[in-house]
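Q: Sequence plus the predicted model coming up.
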Amino acid sequence: MSINYKEEIKKLKAERNAIILAHNYQVPEVQDIADVVGDSFALSKHAAETDHEVIVFCGVHFMAESAKILSPNKTVLLPAKDAGCPMADMITADKLRAMKAQYPEAAVVCYVNSSAEVKAECDICCTSSNAVKVIQSLKAKQIIFAPDENLGSFIAQKVPEKEIILWKGFCITHKRVKAEEVLKIKELHPEAKILMHPECSVEVQKLADFLGSTSEIIKKAKEIPEKDIIIGTEEGIMHILKKQSPDKRFYLLSPGLICANMKKTRIEDVYLSLLNMQHEIKVDEDIRVKALKSLEEMLKIS
Ligand code: 13P
Ligand code: SF4
């Protein structure tokens, strides 16, 4: 007999006193059974504020880890055990310490797409929705920004009074978008607006009408009058965009905009996660306390 995952998840959720958080890039079935679907910032906030005993995080490892840092007394589960973020793996705490030694006066800001060990080395975290605000809030003139070079370059343009020292990491998904693809799709849909994530490379960013986090893109798509919209971020976002504005036409900027790690979580994994209480995220307490400071600083100013 086949399992009715939706029904079983609902029952298990109540039994376990669990909340399901899902990132905007998750597959439609997973988004549809989640209690909250959002960008990295909104999901961190929910993780910090929820009263539920169990958080099932449908996303990638650094997101579930941030939830555990913020809510240490809760059980945080990552349904797809090996869902990681290649960008987060492009930096280690040791390498960041070496860079800090080179720039002893600099404040250190890290994108949430990083490990707990890296967050523990930073003064403050940011997401793509609050990065500019975070940088503007700092007294230091010189700032190390890690690990996303493209988001860092976007911030550097918005806050020219700061000297931003960039770590050379990137999102392998957004980096696939080429400027020629943007020009080609724009030719096919000349009236369309291009809404894009700042993880895209700088030359591609220049061709966007709007740059923002996934939730900012969703908000913008609703607000603008245009019916044709080109989307420059991971394709999972199309589900919520189409649901929100069925009268609009959305075009994915590039077929390469698929994050294999975000696609690892299936509805069966969510069910198994709640059934077997797997895969639990643990963070070393010394590291957690230091990383928490960076995340709390971000929540304070956002
Ligand atoms: P946001 O949803 O915060 O924009 O993050 C995008 C992303 O790439 C997450 O891995
Ligand atoms: Fe990491 Fe990019 Fe995938 Fe986000 S979309 S999880 S930044 S690889």
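A: Yep, it's here. Ligands and ions are numbered 1, 2, ... in the order given.

Q: Mind giving me the packing neighbours of the longest helix anywhere in the chain?
A: Assignment by DSSP state H gives helix 285-301 as the longest helix of the chain. Contact here means 3 or more Cβ pairs under 8 Å, 6 or more residues apart in numbering; DSSP states H and E; on that basis helix 285-301 packs against helix 40-49, helix 61-70, helix 116-120, strand 124-126, helix 131-136. No exception for glycine: its C-beta is placed from N, CA and C like everyone else's.

Q: quick one, strands of the stretch 1-150 of the chain?
A: 18-23, 36-38, 54-58, 75-77, 107-111, 124-126, 142-146 (DSSP state E, counting those that start in this stretch).

Q: Nearest to ligand 1, out of these?
A: strand 18-23 (6.1 Å; Cβ to the nearest ligand atom).

Q: Neighbouring strands - and their directions - for that closest one?
A: Sheet pairing for strand 18-23, assigned by DSSP bridges, gives strand 36-38 (parallel), strand 54-58 (parallel).

Q: Let me have those in TSV, adding mean pLDDT as columns.
A: Below are the strands paired with strand 18-23 laid out as TSV (pLDDT from 0 to 100):
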stretch	mean pLDDT
strand 36-38	98
strand 54-58	98
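
Q: what's the distance between stretch 162-177 and the middle of its chain?
A: Averaging C-alpha positions (Cα atoms, centre = their mean, to the nearest Å) puts stretch 162-177 14 Å from its chain's average.

Q: got the end-to-end distance for that stretch?
A: End-to-end distance of stretch 162-177 (Cα to Cα, to the nearest Å): 28 Å.

Q: Counting neighbours, which bits of that stretch end up buried?
A: 162, 164-167, 169-171, 173-177 (16 or more other Cβ atoms under 10 Å).

Q: So which of those residues are in strands?
A: With strands defined by DSSP state E, the entries of the buried residues of stretch 162-177 inside them are 164-166.

Q: can I get these in JSON lines with pLDDT and distance to ligand 1?
A: As requested, those are exported to JSON lines (pLDDT from 0 to 100; distance: Cβ to the nearest ligand atom, whole Å):
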{"residue": "Ile164", "pLDDT": "98", "distance to ligand 1": "19"}
{"residue": "Ile165", "pLDDT": "98", "distance to ligand 1": "22"}
{"residue": "Leu166", "pLDDT": "98", "distance to ligand 1": "17"}
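
Q: Please identify the residues of the stretch 1-150 of the chain in proximity to ligand 2?
A: Neighbours of ligand 2 within the stretch 1-150 of the chain, by Cβ under 6 Å from any ligand atom: 60, 85-87, 113.

Q: ok, of the residues you listed, which come out buried?
A: Buried subset of these (neighbour count, 16+ other Cβ under 10 Å): 60, 85-87, 113.

Q: so Val112 makes contact with Cys125?
A: Yes - at 5.3 Å, Val112 counts as touching Cys125 under the criterion of Cβ atoms under 8 Å.

Q: mind checking how far Leu211 is from Asn24?
A: Plainly put, Leu211 is 16 Å away from Asn24 if you go by Cβ to Cβ, to the nearest Å.

Q: Of those two, which one has the most company?
A: Asn24 (26 against 23; other Cβ atoms under 10 Å).

Q: ok, the more buried one touching Met238?
A: No - using Cβ under 8 Å, Asn24 is not in contact with Met238; the gap is 9.8 Å.

Q: Report pLDDT for the residue of the stretch 101-250 of the chain found nearest ligand 2.
A: Ligand 2 sits closest to Cys171 of the stretch 101-250 of the chain, with a gap of 3.3 Å, by Cβ to the nearest ligand atom. With respect to pLDDT, Cys171 scores 98.

Q: Identify the residues contacting it.
A: 86-87, 113, 148, 150, 199, 259 (Cβ atoms under 8 Å, 6 or more residues apart in numbering).

Q: re the thing from before, what's the most distant pair in the buried residues of stretch 162-177?
A: Of all pairs drawn from the buried residues of stretch 162-177, the greatest distance, 29.2 Å, lies between Lys162 and Arg176 (Cβ to Cβ).

Q: and the angle for the helix or strand of the chain with the lowest mean pLDDT with helix 285-301?
A: Within the chain, no helix or strand scores below helix 40-49, which has a mean of 94 by mean pLDDT, DSSP states H and E. Per axes from the mean of the first three to the mean of the last three Cα atoms, to 10 degrees, the angle that helix 40-49 makes with helix 285-301 is 110 degrees.

Q: What's the separation between Asp228 and ligand 1?
A: 22 Å (Cβ to the nearest ligand atom, to the nearest Å).

Q: contacting residues for that residue?
A: Asp228 neighbours (Cβ under 8 Å, 6+ apart): 189, 191-193, 248-249, 251.

Q: Fine, thanks again, bye for now.
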